[in-house]
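Asks: Predicted model, plus sequence, below.
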Amino acid sequence: MTLTQIFKTLITCILVISFLMITVSAYQQHRTISALAELTDVTSAIVTRLSVEELAYVGNDEKLHMYSIDPAKLENCSTRWEIGGENFDFRVSVSYEAGGEHILGPYGSAPPDDRARCSLAVACALYENGRFLPAKLSVIAWCA
Amino acid sequence: MVRLDDRGVADILAIAFMFVILVLAAVFMHTYSLRPLRAATDRQLELKSEHLYMTLELAWVEPYSVSFLRAATENILLEQPTVPGPYLRSAVENTLEYLCPPRYAVAISLSYDNSSWELSWPEGVGLGIDAEKQFVRQGEVRLTMASGEKIAVPVTVRIFEIDGT
């Protein structure tokens, strides 16, 4: 075997190994990204359910005011939900400006440092003292 | 020095081709794997635009008891609206400054006949109609005039990416 043949074989082996390593790395990245995308969608689902159902203000006429948050419901809100067969924990808070920023909460346990988390803040109306104030509903979710 | 014959050149070409394939495969695999996350983030922005529209429809302009969108509609249709025009613009700007997603701009536009009411935040970014990435929520505000006539004013709330971010 000549020096050239040894060199060519070596280069080919390096290329094949590199290709395999890149494929494995891409697969692992794909799994991580898919899990993050799923968590992002779950966070969106949690925020939607909170604002249109769980925390929505119910008027004296028993009418549900979607996208309006009732602060009285925040304390009693369950912060572990099963979505798509998996349990997810979340922490929720509502902030608004009235002569400076006020924050209601956060409610729910502190997010763990060793797991992927997703946060989302959306606009909402906060019902307080008979008035509807512009506010922000913030949620941090993670897989339980 | 080893002389390269025809066979040797073919081997080197094959190795070079494998190297190019390797680089291209790496780039494609890593680029396309981010697509699901980008799509999920876009869905979140779509949700933010829906919530922002509903908030402007529901929340009141302090200290008045009318919503932001209704106040803007009155500014188009009525000579003496509940909320004066300059005060409404200032209140909407303050609210959008607080609610606007980071790195994005918000534009609100209402129009009826030849009248229109437009506002964008941050100032000077325009309405974002030509923005590459935009999330639009359209609706209408209905107002009953003193004559009994019911008028529906189309509303567009647009969240869009600011150029250069």
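Replies: Now that the structure is in, tell me what you want to look at.
Asks: And A:G85, its phi and psi?
Replies: phi 80, psi 0 (degrees, to the nearest 10).
Asks: my bad, should have said A:D70
Replies: Dihedral angles (degrees, to the nearest 10) for A:D70: phi -100, psi 110.
Asks: Touching, it and A:L55? I think so.
Replies: Yes - with contact defined as Cβ atoms under 8 Å, A:D70 reaches A:L55; the gap is 6.1 Å. C-betas here are computed from N, CA, C, even on glycine.
Asks: Between these two, point out the one with more neighbours.
Replies: Between A:D70 and A:L55, A:L55 has the larger neighbour count (other Cβ atoms under 10 Å in any protein chain shown), namely 23 against 16.
Asks: residues touching B:E57, list them.
Replies: Residues near B:E57 by Cβ atoms under 8 Å, 6 or more residues apart in numbering or on different chains: B:S67, B:F68, B:L69, B:R70, B:G139, B:V141.
Asks: Secondary structure element holding it?
Replies: For B:E57, the element it lies in under DSSP states H and E is helix B:35-58.
Asks: now the angle from the helix or strand following that helix to helix B:35-58?
Replies: As assigned by DSSP H and E, the chain's next helix or strand after helix B:35-58 is helix B:68-77. Here the directions of helix B:68-77 and helix B:35-58 differ by 60 degrees (axes from the mean of the first three to the mean of the last three Cα atoms, to 10 degrees).
Asks: Residues in contact with helix B:68-77: which ones?
Replies: Residues from elsewhere that reach helix B:68-77 (Cβ under 8 Å, 6+ apart): A:134, B:56-57, B:59-61, B:64, B:66, B:81-83, B:85, B:88, B:91-92, B:95, B:108, B:110-112, B:115-117, B:141, B:143, B:145, B:151, B:153, B:155.
Asks: Where does pLDDT dip in chain A?
Replies: A:1 (pLDDT under 70).
Asks: quick one, strands of it?
Replies: For chain A, applying DSSP state E gives strands covering A:56-58, A:64-69, A:80-83, A:86-97, A:101-107, A:117-128, A:131-143.
Asks: Where is the longest helix in chain B?
Replies: helix B:6-32 (DSSP state H).
Asks: how about that one: buried residues?
Replies: For helix B:6-32, burial by neighbour count (16 or more other Cβ atoms under 10 Å in any protein chain shown) applies to B:D11, B:I15, B:M18, B:L22, B:A26, B:M29.
Asks: Intersect these with the contacts of chain A.
Replies: Applying Cβ under 8 Å from any Cβ of the partner chain to the buried residues of helix B:6-32, one finds that B:D11, B:I15, B:M18, B:L22, B:A26, B:M29 fall near chain A.
Asks: Compute the number of surrounding residues for the nearest residue to the second one once chain neighbours are set aside.
Replies: Leaving out its chain neighbours, the residue that sits closest to B:I15 by Cβ to Cβ, 6 or more residues apart in numbering or on different chains is A:I11, at 5.3 Å. With neighbours defined by other Cβ under 10 Å, the count for A:I11 comes to 16.
Asks: ok, back up a step: from the chain's centre, how far out does the longest helix of chain B sit?
Replies: Once both centres are worked out by Cα atoms, centre = their mean, to the nearest Å, helix B:6-32 turns out to sit 41 Å from its chain's centre.
Asks: Remind me what it packs against, helices and strands.
Replies: When contacts are defined as 3 or more Cβ pairs under 8 Å, 6 or more residues apart in numbering or on different chains; DSSP states H and E, helix B:6-32 packs onto helix A:3-49.
Asks: In chain B, where is pLDDT below threshold?
Replies: B:1-8, B:163-165.
Asks: residue nearest the centroid of it?
Replies: In chain B, the centroid-proximal residue (Cα atoms, centre = their mean) is B:I159; its distance is 2.0 Å.
Asks: What are the buried residues along the helix or strand in which that residue is found?
Replies: Here B:I159, judged by DSSP H and E, is contained in strand B:150-161. Buried residues in strand B:150-161, counted by 16+ other Cβ under 10 Å: B:V153, B:V155, B:T156, B:V157, B:R158, B:I159, B:F160, B:E161.
Asks: Now look at it and say if it contacts chain A.
Replies: No - Strand B:150-161 lies apart from chain A when judged by Cβ under 8 Å from any Cβ; the minimum separation is 10.1 Å.
Asks: What strands flank that strand, and is each parallel or antiparallel?
Replies: strand B:104-112 (antiparallel), strand B:134-144 (antiparallel) (DSSP bridges).
Asks: For B:S49, find the nearest of those strands.
Replies: Distances from B:S49 to each of these were compared using Cβ to Cβ; the shortest belongs to strand B:134-144, at 4.1 Å.
Asks: what comes up buried for that closest one?
Replies: B:Q134, B:F135, B:V136, B:R137, B:G139, B:V141, B:L143.
Asks: same deal with stretch B:96-108?
Replies: For stretch B:96-108, using 16+ other Cβ under 10 Å, the buried residues are B:L96, B:Y98, B:L99, B:C100, B:P101, B:Y104, B:A105, B:V106, B:A107, B:I108.
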